[in-house]
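Asks: What would the 3D arrangement of this be:
(2 chains)
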Amino acid sequence: MKIGVLSFQGSFVEHLNSIKALGHTPIAVKTAEQLNQCKALILPGGETTNLRKVIPFSLKKEIMSKAKKGFPIYGTCAGAILLAEKIEDEISFLPLIEVEIQRNAYGSQLDSFEEKIEINAEGFSNKEKKFPAVFIRAPQIKKIFSKKVKVLAYCNKKPVLLRQKNILISTFHPELTNDLRIHEFFLKMISD
Amino acid sequence: MVEKASFKVKSGLAQMLKGGVIMDVINAEQAKIAEKAGAVAVMALERVPADIRAQGGVARMSDPKLIKEIKASVSIPVMAKVRIGHFAEAQIIEALGIDFIDESEVLTPADEKFHINKNDFNIPFVCGAIDLGQALRRINEGAAMLRTKGEAGTGNIVEAVRHVRTINEQLEELINSKGNKLNSLAREYRVPISLCKQVQELKKLPVVNFAAGGIATPADASLLMQLGVEGVFVGSGIFKANNPEKRAKAIVEATHNFENAEILAKVSTGLGEAMKGQEISKLEVKMASRGK
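Replies: Residues are numbered from 1 along each chain as shown, chains lettered A, B, ... in the order given. As a prediction, this is how the structure comes out:
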């Protein structure tokens, strides 16, 4: 399967490598034409202020229209911010998941951290192995507006992995680890 | 258990900056312009390298007041420079809750023998390197990110290009070396053999490497990206030019689309005058020769 990763800025190489490691074909997406080849799209971690400026309008439009038809999209950290219906103190960008998110909610880089978390979804055996979650200047989910949003994981009582139908977001970075289970889970959403 | 300041957490921030432009700014107003233009981080300092060169004297860490003002004005990560080996300046920057420290040859070095032991700190560090030996020694000391030294404040790209090419050639040599040859390279670079083996396994440096020093145009950014760096620092090149807003945006777009000549042509058009720039052979101080 061809899986797209938005490839302007941030941890896109790591996501492309994760897709490759799962035996699929990663596509670096910068245009609507490239997106049209893909079965799903990942929005990587990076700097939100930068990402929202560099995504061409034609690509943004295509992402929105595809998402409304059930096309799976996964956003990590900055990618999650871009997908939130509401961003604290900022205008939303691709409002596709009914949550409110706050940028840099933990503080500066000195407050960045790693933690092993339990994930409550198919394919995760927490007894065997918890998931190594890396939080870098991470955002926090402040409100969930709809019952359609399912929380799949918490870290210190805060929701960190959430799904609303075809949209998946995490406030941490699975692409910085060798654990491919969340990417695998996302790819399974294609056939849902 | 929550683990803070691990190597993954420190080098992870650098990974999030990849493909981006980090800009030198001397006040909150410039920081906002940089953020608006799409910078992924700003470097807070009192004088850009071109002015440090022109004014001379000892260049030190900036006043914490200025750094805090800049930090308060933007939502992107903020970096600040300390002198090579000056771990007390680094302790002060860390206490301010800034995101990244640049142990920089642009400031006057404080220690001729030792760099800061960066493993002692929770805040991540970026360091300059002109060759693979310097790059590996800095990583061994705990650097979470590297950049070329280039020749800061000159608007002249030739040194940064040399540093990228040198590191690329030496990386290839290291990756293809075995047995005695590998041992002798580790001795030559004065780093543990385990670090050399890690580079061999990854087939690249274990941290992100940016270009810095002399970048003044969108084409400069593209050239260095095409040579294999993962992002760029622009110091004097933006706010010493005629139209900083436009140039900052153009360099950001050029860095994202470094292989697309059509976009590069578009963003390079009508930027106004770039910073004047200097011949390397006419310089009184060569900053790149500081800190081995």
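Asks: which one is A:G10 nearest to, not counting chain neighbours?
Replies: A:G46 (2.2 Å; Cβ to Cβ, 6 or more residues apart in numbering or on different chains). C-beta coordinates here come from the backbone N, C-alpha and C atoms, glycine included.
Asks: what residues are up against that neighbour?
Replies: Applying Cβ atoms under 8 Å, 6 or more residues apart in numbering or on different chains to A:G46 gives the contacts A:8-12, A:77-79, B:16-20, B:40.
Asks: quick one: which of these sit in helices?
Replies: A:12, A:78-79, B:16 (DSSP state H).
Asks: what does chain B have sitting close to chain A?
Replies: B:1-6, B:8-9, B:12-13, B:15-20, B:35, B:38-41, B:75-77, B:94, B:97-100, B:122-124, B:252-253, B:256-257 (Cβ under 8 Å from any Cβ of the partner chain).
Asks: Let me see the ranges of the strands in chain B.
Replies: B:3-4, B:21-25, B:41-44, B:78-83, B:100-104, B:125-129, B:145-148, B:208-210, B:232-234 (DSSP state E).
Asks: Identify the residues contacting the longest helix belonging to chain A?
Replies: The residue-count maximum for a helix in chain A (DSSP H) belongs to helix A:57-68. With contact meaning Cβ under 8 Å, 6+ apart, helix A:57-68 is reached by A:29-32, A:35-36, A:41, A:73, A:93-94, A:96, A:166-167.
Asks: can you rerun that using 6 Å?
Replies: Here helix A:57-68 makes contact (Cβ atoms under 6 Å, 6 or more residues apart in numbering or on different chains) with A:32, A:35, A:73, A:94, A:96.
Asks: which residues does A:L16 contact?
Replies: So A:L16 contacts A:5, A:26 (Cβ under 6 Å, 6+ apart).
Asks: hmm, try it at 8 Å
Replies: Shown in contact with A:L16 (Cβ under 8 Å, 6+ apart): A:5, A:7, A:26, A:28.
Asks: Can you verify it is assigned to a helix?
Replies: Yes. Under DSSP: H, G, I helix; E, B strand; the rest coil, A:L16 falls within a helix.
Asks: Compute the number of surrounding residues for the residue of the stretch 151-292 of chain B found nearest chain A.
Replies: Nearest residue of the stretch 151-292 of chain B to chain A, counting by Cβ to the nearest Cβ: B:H256, 4.7 Å away. Each residue near B:H256 was counted by other Cβ atoms under 10 Å in any protein chain shown, and the total is 23.
Asks: hey, where'd the helices end up in the stretch 51-200 of chain B?
Replies: B:64-73, B:87-95, B:132-141, B:158-175, B:179-189, B:193-202 (DSSP state H, counting those that start in this stretch).
Asks: what do you get for chain A?
Replies: Secondary structure of chain A, counting by DSSP H: helices at A:12-21, A:32-36, A:48-54, A:57-68, A:78-83, A:181-188.
Asks: Just say which of the ones you listed is most tucked in.
Replies: For the helices of chain A, the largest average neighbour count (mean count of other Cβ atoms under 10 Å in any protein chain shown) is found in helix A:78-83, namely a mean of 28.
Asks: Which of the helices of chain A sits closest to A:T171?
Replies: Ranking these by their distance to A:T171 (criterion: Cβ to Cβ) puts helix A:78-83 first, at 5.8 Å.
Asks: still on that earlier bit, mind putting the helices of the stretch 51-200 of chain B in CSV, mean neighbour count and mean pLDDT included?
Replies: Formatted as CSV, these follow (neighbours: other Cβ atoms under 10 Å in any protein chain shown; pLDDT from 0 to 100):
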stretch, mean neighbour count, mean pLDDT
helix B:64-73, 17, 97
helix B:87-95, 18, 98
helix B:132-141, 22, 98
helix B:158-175, 18, 98
helix B:179-189, 13, 96
helix B:193-202, 14, 97
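Asks: Now do the same contact list for residue 19.
Replies: Unless you meant another one, I'm taking chain A. A:3, A:5, A:25-26, A:42, A:183.
Asks: wait, I meant chain B there
Replies: So B:G19 contacts A:7-10, A:12, A:46, B:230-231, B:255-256 (Cβ under 8 Å, 6+ apart).
Asks: do B:E141 as well
Replies: Per Cβ under 8 Å, 6+ apart, neighbours of B:E141: B:115-119, B:127.
Asks: Can you select the buried ones from the residues you listed in PyMOL?
Replies: Per 16 or more other Cβ atoms under 10 Å in any protein chain shown, the buried members of the contacts of B:E141 correspond to this PyMOL selection:
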select buried, chain B and resi 115+116+118+127
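Asks: The contacts of B:E141 into TSV, with extra columns for distance to B:R290 and pLDDT?
Replies: Formatted as TSV, the contacts of B:E141 follow (distance: Cβ to Cβ, whole Å; pLDDT from 0 to 100):
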residue	distance to B:R290	pLDDT
B:H115	11	98
B:I116	14	98
B:N117	18	98
B:K118	17	98
B:N119	22	96
B:C127	12	98
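Asks: of the contacts of B:E141, closest to chain A?
Replies: Taking those together and measuring to chain A by Cβ to the nearest Cβ, the closest member is B:K118, at 13.8 Å.
Asks: before we move on, back to that, among the contacts of A:I19, which are in strands?
Replies: Per DSSP E, those map to strands at A:3, A:5, A:25-26, A:42.
Asks: ok so, going back, could I have the PyMOL command that selects the buried members from the contacts of A:L16?
Replies: Buried residues among the contacts of A:L16 (16+ other Cβ under 10 Å), as a PyMOL selection:
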select buried, chain A and resi 5+7+26
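Asks: The contacts of A:L16: which two are farthest apart?
Replies: A:S7 and A:P26 (9.2 Å).
Asks: What parts of chain A come near chain B?
Replies: A:7-14, A:30, A:45-47, A:49-50, A:53-54, A:77-78, A:103-104, A:107-116, A:134-137, A:156, A:173, A:176-177.
Asks: pLDDT at the residue nearest to the spatial centre of chain A, what is it?
Replies: By Cα atoms, centre = their mean, chain A has its centre lying nearest to A:G75, at 1.7 Å. A:G75 is assigned 98 on the pLDDT scale.
Asks: Quick check: the gap between it and A:L51.
Replies: Per Cβ to Cβ, to the nearest Å, A:G75 is found 10 Å from A:L51.
Asks: Isn't A:M1 up against A:P26?
Replies: No. Counting by Cβ atoms under 8 Å, A:M1 stays clear of A:P26, with 10.0 Å between them.
Asks: Report how many residues lie close to A:K127.
Replies: 7.
Asks: May I have the phi/psi pair for it?
Replies: Main-chain torsions, A:K127, degrees, to the nearest 10: phi -60, psi -40.
Asks: And the contacts of the helix or strand bottoming out on mean pLDDT in chain A?
Replies: Across the helices and strands of chain A, mean confidence by mean pLDDT, DSSP states H and E is lowest for helix A:48-54: a mean of 92. With Cβ under 8 Å, 6+ apart as the contact definition, helix A:48-54 has outside contacts at A:6, A:8-10, A:43, A:78-79, A:81-82, A:93, A:103, B:20, B:35, B:38-40, B:75-76, B:252-253, B:256.
Asks: For A:K127, state which of the contacts of B:E141 is nearest.
Replies: B:N119 (34.5 Å).
Asks: that older thread, and the helices of the stretch 51-200 of chain B as CSV, adding distance to A:K142?
Replies: Below are the helices of the stretch 51-200 of chain B laid out as CSV (distance: least, Cβ to Cβ, whole Å):
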stretch, distance to A:K142
helix B:64-73, 22
helix B:87-95, 29
helix B:132-141, 38
helix B:158-175, 43
helix B:179-189, 48
helix B:193-202, 38
